[in-house]
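Undergrad: coords please:
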Amino acid sequence: MIDFVLRGNHLERYAAHLSQVDREQARMLLTNQRDQLRQFLRNSLHAAYGLNHLAEETLDPTQTVEEHFYRLDPALSLRPPVAANFKDAFEKLLEQALDYEFPAHPRFDAEPRSIAVKRLAEVLARAAQQPAGRAELEPALRDDARRIAPKLELAEVGEAALQLRDDWSQHFAIGALPAECEAREQPLPEAADWDKATALAAELLDPQLAGLYRSAPGLLQFAQAARKRVKELGPPLAAYLRVIEQLLESTAATALLPGQPALREATVTRLRDWLTALETTAAEFDLVALTARLDCEVG
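TA: Residues are numbered from 1 along each chain as shown. Presented below is the predicted three-dimensional model:
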């Protein structure tokens with residue numbers, strides 16, 4: 001009722017017999033009364049849900065409950081949160097539940113920015129490809145890196161560079177694994193195969209593949225980039241190879257132009273078989289081996 005009277009010009013209509021000064025006084029009194037009633041109702045609801053004890057006397061003792069928060073896991077103990085409203089109370093309850101499920105999760109001073117997390121991940125990936133585990137850090141990213149990387153026990157951040165830590169490699173050492181888990185070493189290609197595969201893939205697929213370091217992250221990046229480029233270039237390149245094959249067949253020749261390796265029958269066949277193999281091979285290690293074994297000249 002008070003809300004209705006204070007809404008719009010209802011007060012002027014219902015208090016038309018009052019002077020302008022008296023109506024303003026009445027508005028202030030009604031507003032204060034409304035705010036007090038709202039707070040009283042909030043306190044009663046908070047007391048009913050166990051958030052505070054400010055208005056326990058307003059509750060019917062025959063209708064109160066001993067347990068306010070129920071959980072599916074009986075081992076989880078939820079403490080009544082101290083909060084000013086239901087939103088804050090729910091967030092604090094959720095925080096307790098997540099603390100129970102992930103007891104070692106990082107605690108950030110402020111929520112990390114998504115764009116900073118993405119850029120930092122790129123720097124960490126570059127560092128992981130270097131023998132020393134170090135990567136240059138641009139000044140604009142330094143503060144975010146200092147707030148995020150150490151909290152995740154991933155790296156130490158200096159003024160101009162980032163240095164990877166070994167906390168997680170130690171954590172996942174064989175002796176620290178649960179009984180149901182098994183640690184397996186990621187096999188890496190031989191250095192000669194890696195150098196040949198990255199050089200050839202850089203020439204045929206993506207120039208950036210030439211700079212990859214032989215490591216587990218580098219192997220994964222090679223596979224991802226190769227698959228992406230094969231998916232993009234595969235159809236037009238396959239069509240081109242078919243045209244070359246048809247021309248070779250129609251001319252009954254093994255090469256269309258002398259001194260042009262890419263127009264030789266053997267080269268075309270090898271490239272076609274290589275693309276097909278890349279599309280169907282699942283293991284990253286095998287992708288490098290297939291590329292290293294590709295025996296053809298390009299030009």
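Undergrad: mind checking how far Glu190 is from Leu241?
TA: To Leu241, Glu190 is 29 Å away according to CB to CB, to the nearest Å. From N, CA and C alone the C-beta is placed, and that goes for glycine too.
Undergrad: Look at the two and report which has more neighbours.
TA: Neighbours around Glu190 and Leu241, counted as other CB atoms under 10 Å, are more numerous at Leu241. The numbers are 17 against 12.
Undergrad: what residue ranges in the stretch 151-299 of the chain score low on pLDDT?
TA: 172-178, 183, 248, 252-269, 295-299 (pLDDT under 70).
Undergrad: where along it do the helices fall?
TA: 167-171, 191-204, 216-251, 265-280, 284-292 (DSSP state H, counting those that start in this stretch).
Undergrad: how about those in CSV, adding distance to Ser19?
TA: Converted to CSV, these look like this (distance: least, CB to CB, whole Å):
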stretch, distance to Ser19
helix 167-171, 75
helix 191-204, 88
helix 216-251, 78
helix 265-280, 87
helix 284-292, 85
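Undergrad: So which of these is the most surrounded?
TA: Mean neighbour count (mean count of other CB atoms under 10 Å) peaks for helix 284-292 among these, with a mean of 19.
Undergrad: got the CA positions of that one in PDB?
TA: Output in PDB follows, covering the C-alpha atoms of helix 284-292 (Å, rounded to 0.1, in the frame of the first residue of the first chain):
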ATOM      1  CA  GLU A 284      51.200 -36.600 -33.000                       C
ATOM      2  CA  PHE A 285      54.400 -38.600 -33.100                       C
ATOM      3  CA  ASP A 286      53.300 -40.400 -36.300                       C
ATOM      4  CA  LEU A 287      52.500 -37.100 -38.000                       C
ATOM      5  CA  VAL A 288      56.100 -36.100 -37.600                       C
ATOM      6  CA  ALA A 289      57.400 -39.500 -38.800                       C
ATOM      7  CA  LEU A 290      55.200 -39.400 -41.900                       C
ATOM      8  CA  THR A 291      56.400 -35.900 -42.800                       C
ATOM      9  CA  ALA A 292      60.100 -36.800 -42.200                       C
END
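Undergrad: Much appreciated, bye for now.
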